[in-house]
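A.B. asks: Let's see this in three dimensions:
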Amino acid sequence: MAAVFYVATCLVCAAVRWFHMCPPYNCNPRYYYPGRPFVTAAWLSSLCILPYVFNPESADAWFLVRLFFLPVTLYHFVLILFSYFGSVMQWKKWQGPTLVAGIPLGIALLAAVVLAIIPGDQMGNERVENFILHILGLLITGVCFTAVGVVRVWASRFDADDFSNPADFPVVQARMWLVLILVNALLCWTGALLDSPAVMAVIMLLISSTVVLFVITALNPHRSHPREEEADEENDQQLYQRAIPKKKKEEMLTAIRTVVEEQKAYQDPHLTLHEVAERCGYNRTYISGLMKSELGGFFVYVNRLRLTYVDEYLKENADASLGEAIEAAGFGSRPSYYAVKTKLEQMD
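C.D. replies: Residues are numbered from 1 along each chain as shown. This next block holds a predicted model:
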């Protein structure tokens, strides 16, 4: 029954993930709901364990379930993380290595499904089964932890020089998903090592609940504004290291301060580095490097101006509320204001 419940849950969640998009986000699904095909396909793959549903006494079907709930499930999380947050960060280099790592897993899963469908027990060698399971499990666990580490770095750098508002990167969603994935990794390894149908049944139910949580947290995209294509930060730094005359730097700094401070561009809650560079009339790469070296970085520079504006606004407008000051300063929301304030105070 646990396997039936798991498959049914995954199919419902796959349907919800594919067909349900909250307005007004449905007008731009590629931006607000990146990775939908990968996520939907991952949950539809739960159909692979149907041989176990129909014949739970089969040793081959049992091996199929163990294989599915260790390396295959962890591989799904890799796809979910990279297809979603990789799209958010406009990073496509994950696709090649991830797909290559999935080739031996796909072959093993296909073979296990075929063997489980054929009447009788074809393998019958527990040592070989455990060897295959543990080797693939270690391989995909390494890939999964690498994905978790990459997304964790992205989440910790939400205040980097890519955007001025933390709401433009779904930090809370990222951290929640990382916790869910680590919990699932522990559950998957527990099921594989204990080799018990009763334990696996409990694990199926627990993983089913996390699948539902994934869907619930993904219904709202947690993103506020599309961001433009931007160059790789390492390339930015390499380009910026090329000599820029001192007079040119002063001209660029003057242009930055004119746009951001005098023209109050920082009051735009979705201000990006690309927009500042365009309004200044200079290359984004050099503007980025100059801000990092002279102004503390785009995020720090813009949000310090916003925090100062909030304080000044409240002093000049005695009857104004904090919410009014936050909105006028360019913070997207009250949570964004507090998140930025806390982050900058920790940096001081």
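
A.B. asks: Helix or strand next in line after the helix or strand containing residue 293, which one?
C.D. replies: Using DSSP states H and E, the element containing residue 293 is helix 284-294. Following helix 284-294 in sequence order, the next helix or strand is helix 298-316 (DSSP H and E).

A.B. asks: for that following helix, the distance to its chain's centre please.
C.D. replies: 29 Å (C-alpha atoms, centre = their mean, to the nearest Å).

A.B. asks: Buried residues, that helix. List them.
C.D. replies: Neighbour-count burial for helix 298-316, counted by 16 or more other C-beta atoms under 10 Å, picks out 298-303, 305-307, 309-310, 313-314. From N, CA and C alone the C-beta is placed, and that goes for glycine too.

A.B. asks: Relative to residue 334, how far out is the nearest residue to residue 175 once chain neighbours are set aside?
C.D. replies: Leaving aside its sequence neighbours, residue 175 sits nearest to residue 155 (C-beta to C-beta, 6 or more residues apart in numbering; 5.7 Å). Distance of residue 155 to residue 334, computed by C-beta to C-beta, to the nearest Å: 21 Å.

A.B. asks: More neighbours: the two, which one.
C.D. replies: Legend: neighbour count by other C-beta atoms under 10 Å for residue 155 and residue 334, higher for residue 155 (18 against 12).

A.B. asks: how far is the helix ranked longest in the chain from where the chain is centred?
C.D. replies: Using DSSP state H, we find that the single longest helix of the chain is helix 126-156. Distance of helix 126-156 from the chain centroid (C-alpha atoms, centre = their mean) equals 17 Å.

A.B. asks: in this protein, what secondary structure element scores lowest on mean pLDDT?
C.D. replies: Least confident helix or strand, the chain: helix 233-240 with a mean of 47, by mean pLDDT, DSSP states H and E.

A.B. asks: Count the residues that sit near residue 203.
C.D. replies: Residue 203, neighbours per other C-beta under 10 Å, totals 23.

A.B. asks: and it, what pLDDT?
C.D. replies: What the model reports for residue 203 is a pLDDT of 96.

A.B. asks: List the contacts of the residue nearest to it when sequence neighbours are not counted.
C.D. replies: Using C-beta to C-beta, 6+ apart and skipping residues adjacent in sequence, the residue nearest residue 203 is residue 191, 4.5 Å away. Residues in contact with residue 191 (C-beta atoms under 8 Å, 6 or more residues apart in numbering) are 66, 69-70, 199-200, 203.

A.B. asks: Same question for residue 125.
C.D. replies: Counting by C-beta under 8 Å, 6+ apart, residue 125 has no contacts.

A.B. asks: gap between it and residue 248?
C.D. replies: Distance from residue 125 to residue 248, by C-beta to C-beta: 71 Å.

A.B. asks: related to what we said a few turns ago, so of the contacts of residue 191, which two are at opposite extremes in space?
C.D. replies: Spanning the widest gap among the contacts of residue 191 are 70 and 199, at 13.0 Å by C-beta to C-beta.

A.B. asks: which other helices and strands contact whatever helix or strand residue 279 lives in?
C.D. replies: Element membership for residue 279 (DSSP H and E) is helix 273-280. On a contact count with 3 or more C-beta pairs under 8 Å, 6 or more residues apart in numbering; DSSP states H and E, helix 273-280 meets helix 246-257, helix 284-294.

A.B. asks: and that helix, what's its mean pLDDT?
C.D. replies: 88.

A.B. asks: ok, now stretch 137-153?
C.D. replies: On average, stretch 137-153 scores 93.

A.B. asks: Report the contact partners of residue 294.
C.D. replies: Listed by C-beta under 8 Å, 6+ apart, the contact partners of residue 294 are 249, 253.

A.B. asks: Residue ranges in the stretch 51-200 of the chain under the pLDDT threshold?
C.D. replies: Counting by pLDDT under 70, the stretch 51-200 of the chain has low-confidence residues at 90, 124, 157-169.

A.B. asks: check contacts around residue 148.
C.D. replies: 81, 178, 181-182.

A.B. asks: Please repeat the previous calculation with a cut-off of 7 Å.
C.D. replies: 178, 181-182 (C-beta atoms under 7 Å, 6 or more residues apart in numbering).

A.B. asks: In PyMOL, how would I select the buried members of the residues you listed?
C.D. replies: Per 16+ other C-beta under 10 Å, the buried members of those correspond to this PyMOL selection:
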select buried, resi 178+181
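
A.B. asks: helices or strands next to the helix or strand that contains residue 218 in the packing?
C.D. replies: Element membership for residue 218 (DSSP H and E) is helix 197-219. If you count contacts as 3 or more C-beta pairs under 7 Å, 6 or more residues apart in numbering; DSSP states H and E, helix 197-219 packs onto helix 2-19, helix 171-194.

A.B. asks: Taking helix 197-219 as reference, get the angle to the last one.
C.D. replies: Interaxial angle, helix 171-194 versus helix 197-219 (axes from the mean of the first three to the mean of the last three C-alpha atoms, to 10 degrees): 170 degrees.
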